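Student: Using only what follows, build the 3D model:
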Amino acid sequence: MKLRVGLIGLGDDWDRRHRSALRALNDRFDVRAVYEQVAHRAVAAAREFDAQPVDGYHTLASREDVDAVLLLSQNWYGTLPIFAACDAGKDIYSAAGLGTDLARADLLKQRIEDSGVTFMAESSRRHAPATNRLKELIVTRLGAPRLLFSHRRDMPDGNSNATRKGSAFDATTNELVEIVDWCRFIVGLDPTSVIGLKHLARDGSTGNDYEMMSLDFSSSDSETVSGSVAQISSGNYIPHAWSEAASFRLPADLQVACENGIAFVDLPAKIVWFDSAGRHQESLDSERPLGEALLSQFYRGVTSLVRNSNSLEDTHRALKVVMLAYESQQRGQRMPLG
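Tutor: The predicted structure is shown next:
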């Protein structure tokens with residue numbers, strides 16, 4: 001059975017992930033329509049897949065020959081195409097998650113549940129080959145994770161987050177939601193509290209040059225045993241003139257200190273880990289490409305007789321954690337999570 005799909009937005013990952021995945025999975029996906037705000041890109045993609053370029057996401061979602069929409073980027077329209085897909089009863093694959101506004105995400109989550117459509121957030125970190133291998137090592141060699149560290153160093157581009165949005169986190173909220181979900185997946189628990197910190201920029205701008213959130217996974221009824229802690233940070237502290245410094249000795253995408261060892265993860269397919277036997281380095285490049293794995297999972301979710309709402313719940317919970325971290329910054333106190 002082929003799933004007839006429409007593409008909304010051709011983002012940064014189109015050339016390196018989505019195009020090749022759709023071509024490789026042409027026995028499962030039939031691209032029927034393409035909407036992209038840059039018209040010539042829509043025409044080129046539609047020609048490649050023998051599809052039809054359309055002039056709006058409402059038009060695409062309402063087409064009778066489209067069973068599902070693939071929202072592959074977040075442009076000016078944000079999450080509006082998801083509402084349109086729900087109204088049309090079309091299943092949704094979203095690289096934009098549920099957006100960055102919690103009130104709107106609450107409404108969107110309810111709309112998706114009421115419509116009965118299948119929703120899957122892309123969550124590429126969670127499904128990366130290196131993450132799967134890390135989960136195996138946690139069970140077999142490394143033991144339970146104790147500390148997780150993820151630091152994002154912004155590359156200077158002359159239009160820094162601190163200047164543009166007033167916050168080093170603002171431009172990357174979608175990415176932070178995915179990292180929080182990644183940490184939740186690795187630990188296997190929901191955090192019980194979050195605290196957010198920020199450092200004001202000293203270059204005359206009104207924003208922050210460093211922000212951090214700390215997730216505490218301790219059980220609420222545990223007073224003697226500390227649970228896992230995840231520290232997620234974003235920095236915009238390197239001046240634009242020092243562009244070479246921004247790429248010098250980049251940290252691993254994730255460092256995980258476990259009971260019996262430590263692992264360094266570089267997405268999507270590299271992991272270096274240490275235990276009592278020494279250093280182990282693995283490259284998982286022979287695994288199935290990540291784009292194909294993600295779309296295959298979406299295909300299974302749509303064609304399954306059992307509706308799975310895990311992706312919707314996970315994305316919504318992660319967004320709530322990020323929003324509470326922002327609130328913690330303002331209040332200067334730890335925020336409990338229900």
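Student: CA only for contacts and neighbour counts going forward, please
Tutor: Noted.
Student: how close does the residue lying closest to residue 14 once chain neighbours are set aside sit to residue 187?
Tutor: Of all residues not flanking residue 14 in the chain, residue 72 sits nearest, at 7.6 Å (Cα to Cα, 6 or more residues apart in numbering). With distances defined as Cα to Cα, to the nearest Å, the gap from residue 72 to residue 187 amounts to 28 Å.
Student: Look at residue 137 and say how many residues are nearby.
Tutor: A total of 17 residues lie near residue 137 under the criterion other Cα atoms under 10 Å.
Student: For it, give me its contacts.
Tutor: Counting by Cα atoms under 8 Å, 6 or more residues apart in numbering, residue 137 touches residue 143.
Student: that older thread, ok, the residue nearest to residue 14 touching residue 95?
Tutor: Yes - the pair residue 72 and residue 95 qualifies as a contact (Cα atoms under 8 Å) at a distance of 5.1 Å.
Student: Beta-bridge partners for residue 271, please?
Tutor: Beta-bridge partners of residue 271, counted by DSSP bridges, are residue 265, residue 282.
Student: Residue 120: helix or strand, and which one exactly?
Tutor: Taking DSSP states H and E as the criterion, the element that holds residue 120 is strand 119-121.
Student: what sits against the residue nearest to residue 14?
Tutor: When contacts are counted by Cα under 8 Å, 6+ apart, residue 72 touches 7-11, 13-14, 93-96.
Student: Residue 228: what's it in contact with?
Tutor: In this structure, residue 228 makes contact with 145-148, 187, 216-218, judged by Cα under 8 Å, 6+ apart.
Student: returning to what we had before: may I see the contacts of residue 72 organised as CSV, with neighbour count, distance to residue 311 and pLDDT added?
Tutor: What follows is these, written out as CSV (neighbours: other Cα atoms under 10 Å; distance: Cα to Cα, whole Å; pLDDT from 0 to 100):
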residue, neighbour count, distance to residue 311, pLDDT
7, 28, 20, 97
8, 26, 20, 96
9, 23, 21, 94
10, 24, 22, 93
11, 15, 21, 86
13, 13, 20, 91
14, 16, 22, 94
93, 25, 10, 97
94, 23, 10, 95
95, 21, 12, 91
96, 21, 13, 87
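Student: Closest to residue 1 out of the residues you listed?
Tutor: Taking Cα to Cα as the measure, residue 1 sits nearest to residue 93 out of the contacts of residue 72, at 17.9 Å.
Student: From the contact counts, what lies against the strand holding residue 120?
Tutor: The helices and strands touching strand 119-121, judged by 3 or more Cα pairs under 8 Å, 6 or more residues apart in numbering; DSSP states H and E, are strand 91-94, helix 310-331.
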